[in-house]
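Trainee: Sequence and predicted structure, then a few things I'm wondering about:
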Amino acid sequence: FPGVVYNYDQEGVHRAGSGWEQCISIPLVQPDMWELLQQWDDLLEEFSLEEAWLPHRYEEQQHNCYTFALAFVNRVRRGRGRQPLSKAQFTERFLMPRTREASRYLSLHQQLAHSDCYVVPLPEQEQDS
């Protein structure tokens with residue numbers, strides 16, 4: 001997806017349009033939540049400017065990029081009247097499924113790269129059935 005990635009480290013919040021091509025995208029908003037999708041960028045920009053995310057607040061173990069992401073998700077959840085997620089809940093519900101999927105994909109890719117096989121895309125008519 002083209003867009004901007006927000007991340008937080010010892011130098012504060014960064015916004016990057018490139019350099020994250022190898023990251024795993026984790027959808028957090030259901031496609032039917034159109035109004036939230038429209039507000040997402042503004043909410044994230046506003047959130048990233050808060051004092052909590054100043055560079056001197058960064059702490060590698062307890063106040064890091066993961067904290068930034070989870071705090072933002074919980075801010076959005078709270079705004080929609082939902083309970084906040086703990087680190088364990090966030091990891092189990094959102095991160096682990098995508099991480100497992102990526103791990104399986106990478107294992108398959110590695111196996112195929114070291115074997116004598118050739119992958120050919122299916123013709124259009126076979127893909128649709």
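Mentor: Cool, got the structure. All values derive from a computational prediction rather than experimental measurement.

Trainee: now the most far-flung residue of the chain relative to its centre, what's its secondary structure?
Mentor: Outermost residue of the chain with respect to the C-alpha centroid, by Cα atoms, centre = their mean, is Asp116; its distance is 34.5 Å. Recorded secondary structure, Asp116: coil (DSSP: H, G, I helix; E, B strand; the rest coil).

Trainee: Where does pLDDT dip in this structure?
Mentor: Residues of the chain that meet the criterion pLDDT under 70 lie in 1-2, 125-129.

Trainee: biggest helix in it by residues?
Mentor: helix 96-113 (DSSP state H).

Trainee: Tell me where the chain has helices.
Mentor: 34-48, 65-79, 87-90, 96-113, 124-128.

Trainee: from those, which stretch is densest packed?
Mentor: helix 65-79 (a mean of 16; mean count of other Cβ atoms under 10 Å). Where you see a C-beta, it was placed from the backbone N, CA and C, and this is true even at glycine.

Trainee: What is that helix packed up against?
Mentor: strand 5-9, helix 34-48, helix 87-90 (3 or more Cβ pairs under 8 Å, 6 or more residues apart in numbering; DSSP states H and E).

Trainee: between it and helix 34-48, how big is the angle?
Mentor: 130 degrees (axes from the mean of the first three to the mean of the last three Cα atoms, to 10 degrees).

Trainee: Need the contact partners of helix 65-79.
Mentor: Outside helix 65-79, the residues that touch it by Cβ atoms under 8 Å, 6 or more residues apart in numbering are 6-9, 13, 28, 36, 40, 43-44, 47-48, 52-53, 83-85, 87, 90.
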